[in-house]
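Chemist: dropping the sequence and predicted coords here.
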Amino acid sequence: MMLKKKKREGAEINGSSMADIAFLLLIFFLVTTTINVDTGIGMVLPPPLDPEQEPPPIRERNLMKILVNAQGLVLMDEEPVPITEVRTKLIEFIDNPEDNEELAVSPDAAIVSLKTQRETPYSIYIDMLDEVMGAYKDLRDAASRSNYGVPYDALADDSPQQNQIQDMYPKKISIAEPDS
């Protein structure tokens, strides 16, 4: 009788633990990966008006209209202004130190209306919004230094001093819908 040679099976790698290894690698990468989240523009919006309630009347004197057109040109009360001068003009408009008849009656009554066109470059819009926020920051900082001897940022959050400065210079910013 002739002996048949047994055919040898090829060597195999045990794959039963591959799923465990893949699962551990997946968990490792999920834990060590950071995800950047765009935060957007942080603004507190006023509550919507009641449909039956009429909007409060606004005196033209207290309204600073800012338009940023499609070419990135800034118009304040229909006059072209370089973006570098926007902050100083806003500070003068809001504070009105000389009681000018064409500027806001008081900082509490001052409203800044910001309007853009659909084709306005986003970077110009953000720069414009930064200038408006910077004007309020400068006003609050100056008031804090004169009243308390420290910058506004040094005041404790929700302290009576900080609330008083916020009441002196409330941010009243209206962002109008772009024209179509």
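Modeler: Cool, got the structure. Residues are numbered from 1 along each chain as shown.

Chemist: for Ser123, pull up the helix or strand it's in.
Modeler: Secondary structure assignment for Ser123, by DSSP states H and E: helix 122-148.

Chemist: show the subsequent helix or strand relative to that helix.
Modeler: The first helix or strand that comes after helix 122-148 along the chain, using DSSP H and E, is helix 160-168.

Chemist: so what touches the next helix or strand after that following helix?
Modeler: Using DSSP H and E, the helix or strand that follows helix 160-168 towards the C-terminus is strand 173-175. Residues from elsewhere that reach strand 173-175, judged by C-beta atoms under 8 Å, 6 or more residues apart in numbering: 43, 111-115, 132. C-beta: built from backbone N, CA, C; applies to glycine.

Chemist: which of the residues you listed fall within strands?
Modeler: 111-115 (DSSP state E).

Chemist: closest one of those residues to Leu139?
Modeler: Distance ranking of the ones in strands among the contacts of strand 173-175 against Leu139, using C-beta to C-beta, places Val112 first at 11.9 Å.

Chemist: show the average pLDDT along stretch 138-145.
Modeler: Averaged across stretch 138-145, the pLDDT comes to 92.

Chemist: could you give the separation of it from the chain centroid?
Modeler: Average the C-alpha atoms of stretch 138-145, do the same for its chain, and the two points are 21 Å apart (C-alpha atoms, centre = their mean, to the nearest Å).

Chemist: try stretch 63-75
Modeler: 18 Å.

Chemist: stretch 168-180 too?
Modeler: The chain centre lies 12 Å from the centre of stretch 168-180; the measure is C-alpha atoms, centre = their mean.

Chemist: for that stretch, give the mean pLDDT please.
Modeler: Computed over stretch 168-180, the average pLDDT equals 81.

Chemist: low-confidence stretches in the chain?
Modeler: For the chain, residues meeting the criterion pLDDT under 70 lie at 1-3, 40-46, 56, 179-180.

Chemist: if we can go back for a sec, ok, so of the contacts of strand 173-175, who is nearest Val74?
Modeler: Leu114 (10.0 Å).
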